[in-house]
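Colleague: What follows is a predicted protein model with its sequence.
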Amino acid sequence: MATVLAFTNQKGGVGKTTSAINIASALGIMGKKTLLIDSDPQGNASSGVGVRKSQLSSSTYDVLIGRCPASAAIQQTEFKNLDVMPATMSLAGAEFELADVEKRESRLRNALEEVADKYDIIIIDCPPSLGMLTINALVASDGAVLPMQCEYFSLEGLSQMMMTIKQVKKLYNPNLTLTGILITMYNGRLNLTLQVIDELKKYYANKLFKTTITRNVRLSEAPSYGAPIQYYDKYAKGADAYDSVAKEILERI
Ligand code: ADP
Ligand code: MG
């Protein structure tokens, strides 16, 4: 059975998708059969692993509304041990369409049962909101990974996120845990960054990953080539950093 991890943070632009793509890819290279599920209508995780979205017959949307089984929406990537369930703009409709169906929060979990045996790890890239898509991801997951930037508002966002995880755990998924908090786009020269990290250490010391992801322009270039960092530039700092986080994740699950 695969371990399922939701990469989530209701804030946009904090590095969820970048982390999901590159950690999934690192795990694949380490020999883990990995599935990356794009659960954001922006579809950045899909294009980031080379999916051409105009040519899709089915996607995460079709799986969530029950139009096709998970296996029909999953495709192989050209990267080692890495499959993807892609998403397109149509996924935005799922938030509304799921509003009044039965067991709407367990759609993804139920759909993944079919394929869970085929993978060691399933990584879900969540949208920047706490709506039905994120709830479905958390209900389907064993753990949540929270990428975050060190900004003043990050801490507020974090406590909101922790409350959501608690709620989902209580109502739908007692197994859900916080796998870890990942600092992204780190800039150690900023005082604010250091202050935020001090606060984080105070409250979440054992949840912070030891590895932090520094700003690295190669990480922002890779998606336009449709490739994870390890394939775009394996000598980039970002490649090294994401490999270390992937190892930490394996130790924690
Ligand atoms: P989210 O999925 O949380 O919205 P993204 O992963 O899409 O965030 O990242 C937001 C933007 O920041 C993207 O343009 C991405 O390429 C860039 N980015 C993410 N991490 C880094 C990094 N470590 N260094 C430089 N740019 C980054
Ligand atoms: Mg994203």
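Modeller: Here it is on my side, so go on. Ligands and ions are numbered 1, 2, ... in the order given.

Colleague: Near ligand 1, which residues of this structure are found?
Modeller: 12-18, 44, 128, 184-185, 213, 215-216, 219-220, 238 (CB under 6 Å from any ligand atom). C-beta coordinates here come from the backbone N, C-alpha and C atoms, glycine included.

Colleague: Provide a ChimeraX selection command restricted to the buried entries of those residues.
Modeller: A single ChimeraX command suffices to select whichever of the residues of the chain next to ligand 1 are buried according to 16 or more other CB atoms under 10 Å:
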select :14,15,16,17,18,44,128,184,185,213,216,219,238
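
Colleague: Just the residues of the chain next to ligand 1: which are in helices?
Modeller: With helices taken from DSSP state H, the overlap with the residues of the chain next to ligand 1 comprises 16-18, 44, 219-220, 238.

Colleague: So which of those reach ligand 2?
Modeller: 16-17 (CB under 5 Å from the ion).

Colleague: And the ones in helices among the residues of the chain next to ligand 1, which two are furthest apart?
Modeller: The two members of those with the most space between them (CB to CB) are Asn44 and Gly238, at 16.1 Å.

Colleague: quick one: contacts for the closest residue to ligand 2 within the stretch 1-150 of the chain?
Modeller: Nearest residue of the stretch 1-150 of the chain to ligand 2: Thr17, at 3.2 Å (CB to the ion). Contact analysis of Thr17 by CB atoms under 8 Å, 6 or more residues apart in numbering lists 7, 40, 44-45, 48, 125.

Colleague: Tabulate these in JSON lines, adding columns for pLDDT.
Modeller: Shown next, in JSON lines, are these (pLDDT from 0 to 100):
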{"residue": "Phe7", "pLDDT": "98"}
{"residue": "Asp40", "pLDDT": "98"}
{"residue": "Asn44", "pLDDT": "98"}
{"residue": "Ala45", "pLDDT": "98"}
{"residue": "Gly48", "pLDDT": "98"}
{"residue": "Asp125", "pLDDT": "98"}
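
Colleague: Can I have the buried ones of these as a PyMOL selection?
Modeller: To isolate the buried subset of those in PyMOL, counting by 16+ other CB under 10 Å, use the following:
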select buried, resi 7+40+44+45+48+125
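
Colleague: And the contacts of Thr17, which is closest to ligand 1?
Modeller: Nearest to ligand 1 among these is Asn44, at 5.5 Å by CB to the nearest ligand atom.

Colleague: thinking again about what came up before, ok, so of the ones in helices among the residues of the chain next to ligand 1, who is nearest Lys202?
Modeller: Lys16 (24.0 Å).

Colleague: give the contact list for the closest one.
Modeller: Applying CB under 8 Å, 6+ apart, the residues near Lys16 are 7-9, 125-126, 128, 147.
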